[in-house]
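A.B. asks: What follows is a predicted protein model with its sequence.
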Amino acid sequence: MNTSARKPDTCQLVQAGSQFEGKQGLTYAVGISAESVGAKHMHLQLATIPPGARAKAHLHAEHETAIYQLSGVSGCWYGERMEHHVVVRAGDFFYIPAGVPHIPYNTSASEACVAVIARTDPNEQESVTMRPDLDALPDWSSVMPTSL
């Protein structure tokens, strides 16, 4: 679809798109995007982290991310050397500034985590920069329910 020809000139009701696996290794279902409604400055989607799973280290160079955790408990390592850590529970909001490397993961061995993610990039996968050099930095043995 040619997204440059699509203009958000009226309100639109959108159903979540088909789930897909992103570069980061998580499952996404896009709602609002450049492709779905012609959005120019935002993207809204559902993200699912299966039990015991984690994303690959990545960042969004020019775009902020806002997360609202719907269900489950997730953790996130973040920072230039994955030196910071946070636990995000259902009902929590979490903000990731542009350019901050991060690795979200699911702390449960049995329950999926589901979150609503909003980003200032209307094209979900366009601004993802993978950081494989950071994947092995966190001490996963202290936080994961199963081995990676």
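C.D. replies: Noted; the coordinates are in hand. Numbering: from 1, shown residues only.
A.B. asks: State the paired neighbours of the helix or strand of the chain with the lowest mean pLDDT in the sheet, together with their directions.
C.D. replies: Lowest by mean pLDDT, DSSP states H and E among the helices and strands of the chain is strand 20-21, with a mean of 90. Sheet pairing of strand 20-21 (DSSP bridges) gives strand 27-32 (antiparallel).
A.B. asks: elements contacting the helix or strand encompassing residue 74?
C.D. replies: For residue 74, the host element (DSSP states H and E) is strand 73-78. Using 3 or more CB pairs under 8 Å, 6 or more residues apart in numbering; DSSP states H and E as the contact test, the elements touching strand 73-78 are strand 84-89, strand 93-96, strand 102-106, strand 113-119. C-beta: built from backbone N, CA, C; applies to glycine.
A.B. asks: Check which residues of the last one are buried.
C.D. replies: Counting neighbours by 16 or more other CB atoms under 10 Å, one finds that the buried residues in strand 113-119 are 113, 114, 115, 117, 119.
A.B. asks: what helices or strands is it leaning on?
C.D. replies: Secondary-structure packing of strand 113-119 (3+ CB pairs under 8 Å, 6+ apart): strand 43-49, strand 65-71, strand 73-78.
A.B. asks: Which pLDDT value belongs to the nearest residue to residue 53 once chain neighbours are set aside?
C.D. replies: Among residues not flanking residue 53 along the chain, residue 106 sits closest, at 5.4 Å (CB to CB, 6 or more residues apart in numbering). pLDDT for residue 106: 95.
A.B. asks: residue contacts, residue 106?
C.D. replies: Residues in contact with residue 106 (CB atoms under 8 Å, 6 or more residues apart in numbering) are 49, 50, 51, 52, 53, 54, 72, 73, 74, 112, 113.
A.B. asks: Was I right to think the second one contacts residue 19?
C.D. replies: By that I understand residue 50. No - counting by CB atoms under 8 Å, residue 50 sits too far from residue 19 to count as a contact (11.5 Å).
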